[in-house]
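**Student:** Fold the following for me, if possible:
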Amino acid sequence: VRRNILVGKRDKGGHECELDVVAFNPETQHLVHVEPSMDANTWAVREARYAKKFEAGRKYIPTLFKGLAPTSKIEQIALLGFASNKNVSTVGGSRVMLIPELLTEIFDRLKSTSIARCAVSEQFGLIRTLQLVSDNRKLLSGMFQ
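**Tutor:** As a prediction, this is how the structure comes out:
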């Protein structure tokens, strides 16, 4: 997992773009590029922004990881906090995912994993914290009513 990667170094300084999150699983060859945002921009503004980000991802990501085939498919996701994907399912040519969808996906995987038998690595502090929450969901459920 790599975060905040500056790509496209310019001759006179600076970079073409920053990629927020890029992750590669060498065992499955799964490659994902996530651009999270809490903006409240219009879809037109988002379209231009994400098109630039995801194009830069397709251009530069193949050089970031050893063992990655140049033709590897990149799953690209615009992760949005303030949006509805009721009428818009893609932006910048990639999938729109809302934060509640991501949390549902994470908790669906964690709820069948006992922290006593298969703890998430300390290297992934946020996911490990979510595993602790998931493992104690019965205790915590009364706190949120």
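**Student:** Pull out the buried positions in the lengthiest strand in the chain.
**Tutor:** In the chain, with assignment by DSSP state E, the single longest strand is strand 15-25. By 16 or more other Cβ atoms under 10 Å, the buried positions in strand 15-25 come out as Cys17, Leu19, Asp20, Val21, Val22, Phe24. For the C-beta atoms, the positions are set from N, CA and C on the backbone; glycine is no exception.
**Student:** pLDDT at Gly67, what is it?
**Tutor:** pLDDT for Gly67: 68.
**Student:** Check the one 5 residues further on too.
**Tutor:** Per-residue confidence at Ser72 stands at 72 (pLDDT).
**Student:** before we move on, the earlier item: output the buried residues of strand 15-25 as TSV; include the columns pLDDT.
**Tutor:** Listed next are the buried residues of strand 15-25 as TSV, based on pLDDT from 0 to 100:
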residue	pLDDT
Cys17	94
Leu19	97
Asp20	97
Val21	96
Val22	96
Phe24	88
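**Student:** and of those, the nearest to Val133?
**Tutor:** Val21 (21.2 Å; Cβ to Cβ).
**Student:** Show me where the chain has its helices.
**Tutor:** 43-60, 99-110, 125-135, 137-141 (DSSP state H).
**Student:** Which one, of those helices, ends up nearest to Gly92?
**Tutor:** helix 43-60 (2.7 Å).
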